[in-house]
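Peer 1: Have a look at this prediction, sequence included:
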Amino acid sequence: MPQYAEIAGSTVRDFCMLERNYLSHFKLVLLLLLLLCSSLLGTRLPPPSESDGSPDASMSGVRLPLATLLYIAALLTIAAAVWEYHTGVKCLLRVRAFLVGTKIHLSLMAVVSVIAAATCIVYLVSGNR
């Protein structure tokens, strides 16, 4: 059964903020999945120069662990998005004055940020070989 919220003050703007944040998380999931596919397939933009004969020699040992980390990061981002959206909707339906970010969402997104930074470092190190 649907629940209705009274339109008072900035309720509509707050619901739009929750939806915008949810879609931003979804966009991050798509980017992480694109990086996952790129890591598994060994593709790059632009393609690396083939000076040593095998273009994928520098990333051969790190592809699967890196793809696994990116998949975990995508799942954590989905969990953080659902968590933030549902807690925000509950707060809005209870007519809470201020929406406060939860520590669970912050810690999940911190883990995703560390995984994204580690991915960048791995790509930079493997590009210098």
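Peer 2: Nice, I can see it.
Peer 1: Sticking with Tyr22, tell me its helix or strand.
Peer 2: Element membership of Tyr22, judged by DSSP states H and E, is helix 11-41.
Peer 1: On the C-terminal side of that helix, identify the next helix or strand.
Peer 2: helix 63-93.
Peer 1: And the average pLDDT for that following helix is what?
Peer 2: Here helix 63-93 scores 90 as its mean pLDDT.
Peer 1: Next, the angle from that helix to helix 11-41.
Peer 2: 170 degrees (axes from the mean of the first three to the mean of the last three Cα atoms, to 10 degrees).
Peer 1: Which elements pack onto helix 63-93?
Peer 2: helix 11-41, helix 103-127 (3 or more Cβ pairs under 8 Å, 6 or more residues apart in numbering; DSSP states H and E). (C-beta placed from N, C-alpha, C; glycine too.)
Peer 1: buried ones in the helix holding Tyr22?
Peer 2: Across helix 11-41, burial judged by 16 or more other Cβ atoms under 10 Å covers 14, 18, 21-22, 25, 28-29, 32, 35-36, 38-39.
Peer 1: which one is Gly88 nearest to, not counting chain neighbours?
Peer 2: Leu18 (4.5 Å; Cβ to Cβ, 6 or more residues apart in numbering).
Peer 1: Return the residues in contact with that neighbour.
Peer 2: 84-85, 88-89, 92 (Cβ atoms under 8 Å, 6 or more residues apart in numbering).
Peer 1: pLDDT score assigned to it?
Peer 2: pLDDT for Leu18: 88.
Peer 1: Also Asp52?
Peer 2: 52.
Peer 1: Number of residues surrounding the nearest residue to Leu32 once chain neighbours are set aside?
Peer 2: Sequence neighbours aside, Ala74 is the residue nearest to Leu32 in space, at 4.3 Å (criterion: Cβ to Cβ, 6+ apart). The local packing of Ala74 (other Cβ atoms under 10 Å) involves 20 other residues.
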